[in-house]
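Engineer: coords please:
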Amino acid sequence: MTESDFLEKLKKLKSIICVVEFGSFRTEAWIKDRSDIDLLVITAPNVTFMDTLEIEDDVLEIAKEFYKYPNIHLTFLLFKDFHNKFAKIAIDSENKYILNEEKWYDFNHNVLKYIRINERFNRNLKLDEQFSYFGGIIDESIL
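Structural biologist: Presented below is the predicted three-dimensional model:
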């Protein structure tokens, strides 16, 4: 199966924005016939957890055919779960199969905005904590 066939079959499911490779696959740590291939499946905005249960077998079958490998592990990430650690993993991955460019960029925007806002929030919490416990800044690395 070619990459374009893989993408076309996944697009027919109409509930996936992107499939992302992560984990040890395509690295020196991956051991054929022992390691699995980890795939992160980012779903469309209106897809629910119950919907992912319905498409899981289809995605798994398509992935096994594309990778020609039986040991595939799927992790589903709902569109609204941009606070999840897997959201950042998806953005940072170099191996992505994007099915819907517009929704993928929306997802990226939401994830990066969440990270940016929470970096400031966490920094302010640490500063407040130092002032309340120690009466001043003792760790200048957070400035």
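Engineer: residues near Phe107, how many?
Structural biologist: 25 (other Cβ atoms under 10 Å). Bear in mind the C-beta positions are built from the backbone N, C-alpha and C, glycine included.
Engineer: for the helix or strand hosting it, buried residues please.
Structural biologist: Secondary-structure assignment from DSSP states H and E places Phe107 in helix 101-134. Using 16 or more other Cβ atoms under 10 Å as the test for burial, helix 101-134 gives Lys103, Trp104, Phe107, Asn110, Val111, Gln130.
Engineer: what is it packed up against?
Structural biologist: Contacts defined by 3 or more Cβ pairs under 8 Å, 6 or more residues apart in numbering; DSSP states H and E place helix 101-134 against strand 16-22, helix 85-92.
Engineer: quick one: which of the buried residues of helix 101-134 is nearest to Leu78?
Structural biologist: Phe107 (10.3 Å; Cβ to Cβ).
Engineer: just to revisit the earlier point, nearest to Ala29, of the buried residues of helix 101-134?
Structural biologist: For those, the closest approach to Ala29 (Cβ to Cβ) belongs to Val111, at 25.6 Å.
Engineer: let's see the pLDDT reported for the closest one.
Structural biologist: pLDDT for Val111: 94.
Engineer: tell me which helix or strand the closest residue to Glu56 other than its chain neighbours sits in.
Structural biologist: Excluding its sequence neighbours, the residue lying closest to Glu56 (Cβ to Cβ, 6 or more residues apart in numbering) is Leu74, at 6.3 Å. Under the criterion of DSSP H and E, Leu74 resides in strand 72-77.
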